[in-house]
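**Q** build the 3D model from these lines:
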Amino acid sequence: MVARAVRAGATGYVTKDSDPDILLAAIRKLAGGGRFMDPKLVNVMVFDTHSIDAAPHKILSDREFQVLHLLAAGKSINAIADRGARAERQDHQHAQDAPHAKARY
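**A** Take a look at the predicted model:
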């Protein structure tokens, strides 16, 4: 997933499990226009060829891939979440309407 994010245009990558000092270093580096990768992830990218060679559709779910593309396109997390919530509400409404549509025919 890390390699795919970088290929999609990410200039930095840390995980939610990254050490707080690593996160601060990443923020400083990226704010200065640089690039940053959590050192633990570098080892994974260099030495774990299995995940890099895996087909993209086997690494990320469709939704994860969609979110990654939206992030790479510059969308904010809030905009992506709002868009997802709107789609979920629409799906829910369609599911509720479906039995009534069948009854009309």
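**Q** neighbours around D38, how many?
**A** Number of residues near D38 (other Cβ atoms under 10 Å) recorded here: 20. No exception for glycine: its C-beta is placed from N, CA and C like everyone else's.
**Q** and what of L71?
**A** L71 has 17 nearby residues by other Cβ under 10 Å.
**Q** which secondary structure element contains the residue nearest to it when sequence neighbours are not counted?
**A** In space, and not counting its chain neighbours, L71 is closest to I80: 7.1 Å by Cβ to Cβ, 6 or more residues apart in numbering. Secondary structure from DSSP states H and E places I80 in helix 77-104.
**Q** list the contacts for R7?
**A** By Cβ atoms under 8 Å, 6 or more residues apart in numbering, no residues touch R7.
**Q** what about the helices in the protein?
**A** All helices of the chain, identified by DSSP state H, fall at 2-7, 20-31, 39-47, 49-53, 56-59, 62-72, 77-104.
**Q** which stretch in those helices is the model least sure about?
**A** Across the helices of the chain, helix 49-53 has the smallest mean pLDDT, namely a mean of 56.
**Q** kindly provide the distance from the residue nearest to I22 when sequence neighbours are not counted to G84.
**A** Spatial nearest neighbour of I22, excluding adjacent residues (Cβ to Cβ, 6+ apart): D38 at 5.4 Å. Distance of D38 to G84, computed by Cβ to Cβ, to the nearest Å: 26 Å.
**Q** again, but for G34
**A** G34 is 31 Å from G84, where distance means Cβ to Cβ.
**Q** compare the two (neighbour count), which wins?
**A** G84 (14 against 11).
**Q** let me see the contact set for that one.
**A** Counting by Cβ under 8 Å, 6+ apart, G84 has contacts R63.
**Q** redo that, cut-off 10 Å
**A** 63, 66-67, 70 (Cβ atoms under 10 Å, 6 or more residues apart in numbering).
**Q** over to L30?
**A** Applying Cβ under 10 Å, 6+ apart to L30 gives the contacts 11-12, 14, 36.
**Q** let's see which of the residues you listed end up in strands.
**A** Mapping the contacts of L30 onto strands (DSSP state E) picks out 12, 36.
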